[in-house]
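Visitor: let's see this in three dimensions:
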Amino acid sequence: MITAVDTSVLLDVFLPDERHGPTSKEWLVEAYDAGAIIVSHVVYAELAPAFPDREALDRALREVNVVLSPIDSDMAHDAGRRWGRYRQSGGARDRIITDFLIGAHAVAACDRFLTRDRGFFASYFPELERNG
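Guide: You can find the predicted model right below:
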C-alpha cells in the first residue's frame, strides 16, 4: 500500500506539535508498516521553511522513510480543473492551487492519504481513502 502524506502531518512530527504530534506519528508508523510513504514535491516545498537547510529536510524525510514522488502533467491538469471548479463555485481564496496539486497527486499516486484537513479533501477529492 502506498500512502501519500500531507504537509501538516509531517510538521506535527518534525516540529513537534504537542496536540497532533502523537496521532500523526502513529499514522506514519501504520503507513510504513503497510507499505511505502510518499510526498509530492509541493509538500516538500511546504516543508522547506521548517528546516535550516535542504540537508536537514532530506535527513528528516529519510528518518521517517518518506520518498519524493513527482507531479506529472496529468496530475497538474487534474489539480487545475478541480481548482477551477472550486473558484467558479465561490470557493474562498484561502485555498490555493497547491492544495489541489497535493490532492491530485494523492489521487493518482497512492492508495491512502494522511491529512488532518479532512473536510477540504473529502469535498474536493472524495475518491481518496483517508486516515485522519
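Visitor: could you use CA atoms for every contact and neighbour count after this?
Guide: Noted.
Visitor: could you point out the helix or strand that follows the host helix or strand of Thr23?
Guide: Take DSSP states H and E as the rule and Thr23 turns out to sit in helix 21-34. Going down the chain from helix 21-34, the next helix or strand is strand 36-40, by DSSP H and E.
Visitor: what's the burial count for the nearest residue to Arg54 once chain neighbours are set aside?
Guide: Of all residues not flanking Arg54 in the chain, Ala48 sits nearest, at 7.1 Å (C-alpha to C-alpha, 6 or more residues apart in numbering). Ala48 has 15 neighbouring residues, counting by other C-alpha atoms under 10 Å.
Visitor: using PDB, write out every CA atom in the helix holding Thr23.
Guide: C-alpha atoms of helix 21-34 as PDB (Å, rounded to 0.1, in the frame of the first residue of the first chain):
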ATOM      1  CA  GLY A  21       2.100  15.000  17.000                       C
ATOM      2  CA  PRO A  22       1.400  11.700  18.700                       C
ATOM      3  CA  THR A  23      -1.500  10.900  16.400                       C
ATOM      4  CA  SER A  24       0.400  11.900  13.300                       C
ATOM      5  CA  LYS A  25       3.400   9.800  14.400                       C
ATOM      6  CA  GLU A  26       1.100   6.800  14.900                       C
ATOM      7  CA  TRP A  27      -0.400   7.400  11.400                       C
ATOM      8  CA  LEU A  28       3.100   7.400   9.900                       C
ATOM      9  CA  VAL A  29       4.200   4.200  11.700                       C
ATOM     10  CA  GLU A  30       1.000   2.500  10.400                       C
ATOM     11  CA  ALA A  31       1.600   3.700   6.900                       C
ATOM     12  CA  TYR A  32       5.200   2.500   7.000                       C
ATOM     13  CA  ASP A  33       4.100  -0.900   8.300                       C
ATOM     14  CA  ALA A  34       1.600  -1.100   5.400                       C
END
